[in-house]
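Q: Curious how this folds, go ahead:
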Amino acid sequence: MKSTDSTAQIKKYLQSLKLNRIATILDEELNRASREATPCTELLERLLAIEANSLTERQIERRIKEAKLPERKLLADFDFDFQTGVDKRQIMDLATLSFASRKQGVIFAGNSGTGKSHISKALLLAGCQKNFRCRYVTASGMLRELLASLADNTLEQKLKLFLVPEILLIDELGFDRLEQHDARNACLFHKVIDGRYCKGSTIITSNVDFKELGDYLGDPVITAATVDRMIHHSVIISIEGPSWRLYESKRLNTTK
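A: You can find the predicted model right below:
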């Protein structure tokens, strides 16, 4: 059998085995191996490494898609020099995801524009890259989904969406005042926090003081029990500093 025929047959086998990345680069790698007189074992190792890396990249992309991250934030893009209220060493320690392995929570509290969402989204992206099951949701979005499930008796099914992920990011707790319109929100929010308590890592960003959450969610008694579970076994980071968005707006207008 000619070399070209053998290569074509190998590609068919690779496609049958779904080793598509190797099939795509086979000709290039064979020519390279011929020029460099690469040993067969070294060539095989390189091909398998390329396929394994491709598989990892696809898994990460799938995790990110499943997480429903609205945007991909990176800690490398966060201006720690501007936001001096953030301890960079503490954030980089969180980026190791050791808190997720310990099933700890993380709470970012502070005024709007201080970088809470940026950091938390970056941590969730890092979780996806380390193959954790992750999920992003805003507090108002989550409560709307759970409230809607009461109407068609799918609450247990909907709750699983927020209980199963190893890392759940509940963003913007306190930003949307729609939550106050139904006192059942406190009970539904409690079901999520209680269901994840010491079973998974929950990241929360909020501009509402813990003392105000009772009014915000509509039931101070239930909220007290919720907050107790939120803060226990959690890293609490309070960011006191200027608004990056306000700074950017002033800088852009000054430039103009």
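Q: can you map out the helices along this structure?
A: Applying DSSP state H to the chain gives helices spanning 3-16, 20-36, 40-67, 88-94, 98-101, 116-129, 139-151, 155-163, 184-196, 213-217, 220-231, 244-255.
Q: which stretch in those is the model least sure about?
A: Among the helices of the chain, helix 244-255 carries the lowest mean pLDDT, at a mean of 63.
Q: on that earlier part again, out of the helices of the chain, the one nearest I204 is which?
A: Checking the helices of the chain against I204 by CB to CB gives helix 220-231 as the closest, at 6.8 Å. (C-beta placed from N, C-alpha, C; glycine too.)
Q: Provide the angle between the direction of the closest one and the direction of helix 184-196.
A: Going by axes from the mean of the first three to the mean of the last three CA atoms, to 10 degrees, helix 220-231 is angled at 30 degrees with respect to helix 184-196.
Q: helices or strands up against helix 220-231?
A: Applying 3 or more CB pairs under 8 Å, 6 or more residues apart in numbering; DSSP states H and E, one finds that helix 220-231 contacts strand 105-110, helix 184-196, helix 213-217.
Q: starting at the chain centroid, how far to it?
A: Distance of helix 220-231 from the chain centroid (CA atoms, centre = their mean, to the nearest Å) equals 24 Å.
Q: Show the model's pLDDT score for Q180.
A: For Q180, the pLDDT comes out at 53.
Q: Point out the most buried one among the helices of the chain.
A: Highest mean neighbour count among these (mean count of other CB atoms under 10 Å): helix 116-129, with a mean of 23.
Q: quick one on the thing from earlier: the helices and strands packed on helix 220-231 into JSON lines, with extra columns for distance to N53?
A: Converted to JSON lines, the helices and strands packed on helix 220-231 look like this (distance: least, CB to CB, whole Å):
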{"stretch": "strand 105-110", "distance to N53": "30"}
{"stretch": "helix 184-196", "distance to N53": "33"}
{"stretch": "helix 213-217", "distance to N53": "45"}
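Q: need the contact list for the nearest residue to K121 once chain neighbours are set aside.
A: The shortest distance from K121 to any non-neighbouring residue, by CB to CB, 6 or more residues apart in numbering, is to K73 (4.0 Å). Shown in contact with K73 (CB atoms under 8 Å, 6 or more residues apart in numbering): S117, H118, I119, K121, A122, L125.
Q: Nearest to T138 among those residues?
A: S117 (9.6 Å).
Q: wait, what's in contact with the closest one?
A: S117 makes contact with K73, D171, E172, T205, according to CB under 8 Å, 6+ apart.
Q: State the phi and psi torsions of the first one.
A: K73 adopts backbone torsions of phi -90, psi 140, taken as degrees, to the nearest 10.
Q: Can you tell me how far it is from Y13?
A: The gap separating K73 from Y13 is 42 Å, by CB to CB, to the nearest Å.
Q: Ok, the second one next?
A: Using CB to CB, we find D171 at a distance of 47 Å from Y13.
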